[in-house]
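**Q** Provided below are the primary sequence and the corresponding predicted coordinates.
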Amino acid sequence: MAKAKAASTTQHPFLTDIKTLRARARKHIENGAVTDGYRADRATVVKLLNEALATELVCILRYKRHFFMASGINADAVAQEFLQHATEEQGHADLIAARIVQLKGEPNFNPDGLAMRSHAEYVEGDSLVDMIKEDLVAERIAIESYGEMIRYLGDKDVTTRRMLEDILAMEEEHADDLSSLLEDLGR
């Protein structure tokens, strides 16, 4: 059995030989970071990332509105949470836009159709509790969307998957924060 395992290893080495790696790297250098080893459908990934970008942009706008419109006895602490989330969502948008460019795509910041490209909705909310609930709904949508994108990517685009996993972790943290705020407000 040890002989069979050794033979298998020599027939299928773990790494490509250096000469082949160097030759591949020289081909299609205009593709930058996207090498022959990239296995995902780039057009589909860019489309998904542009939808994620739109989702983040809509969430930034909603959180900023909620930050400015928060009022009532508990408004200061909740408004600061809204502002922090808006800032973190902006960081997500920047990461996503940069990755789209790395994949030789174009990030779509066009406000025309932004709400249609976004997975989350822009719902203003009338009260502080309504605002928190709408933000929580949007975070839950983002959690589902990012989870599906991560499963789609699998090992076909590890860099994008890892970026989305990091964003997903923060979206889950945001949802937890908002859920706690609702509990604190007794709703």
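**A** Great, that's in hand. Numbering: from 1, shown residues only.
**Q** residue contacts, residue 76?
**A** Residue 76 sits next to residue 70 when contact means C-beta atoms under 8 Å, 6 or more residues apart in numbering. C-beta coordinates here come from the backbone N, C-alpha and C atoms, glycine included.
**Q** what's the helix or strand for the spatially most central residue of the chain?
**A** To find the centre residue of the chain, average its C-alpha atoms and take the closest one (C-alpha atoms, centre = their mean): that gives residue 164, at 4.2 Å. Here residue 164 is covered by helix 158-184, with elements defined by DSSP states H and E.
**Q** average model confidence for that helix?
**A** Taken as a whole, helix 158-184 has a mean pLDDT of 97.
**Q** that one - contacts with which helices or strands?
**A** Packed against helix 158-184 by the contact rule (3 or more C-beta pairs under 8 Å, 6 or more residues apart in numbering; DSSP states H and E) you find helix 42-69, helix 75-102, helix 128-153.
**Q** out of those helices, which is closest to residue 178?
**A** Nearest to residue 178 among those is helix 128-153 (4.1 Å), distances taken as C-beta to C-beta.
**Q** redo the helices and strands packed on helix 158-184 as a markdown table? Include mean pLDDT.
**A** Supplementary listing: the helices and strands packed on helix 158-184 in a markdown table, determined by pLDDT from 0 to 100:
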| stretch | mean pLDDT |
| --- | --- |
| helix 42-69 | 97 |
| helix 75-102 | 97 |
| helix 128-153 | 97 |
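**Q** wait, which of those helices is closest to residue 122?
**A** Each of those was checked against residue 122 via C-beta to C-beta, and the shortest separation belongs to helix 42-69, namely 5.2 Å.
**Q** residue 38 reaches residue 159, doesn't it?
**A** No - here residue 38 lies out of contact with residue 159, judged by C-beta atoms under 8 Å, at a distance of 9.2 Å.
**Q** can you classify residue 16 as helix, strand or coil?
**A** For residue 16, the reduced secondary structure class is coil; criterion used: DSSP: H, G, I helix; E, B strand; the rest coil.
**Q** assign the nearest residue to it once chain neighbours are set aside to helix, strand or coil.
**A** On the basis of C-beta to C-beta, 6 or more residues apart in numbering, the spatially nearest residue to residue 16 that is not a chain neighbour turns out to be residue 24, at 7.7 Å. Per three-state DSSP, the secondary structure class of residue 24 is helix.
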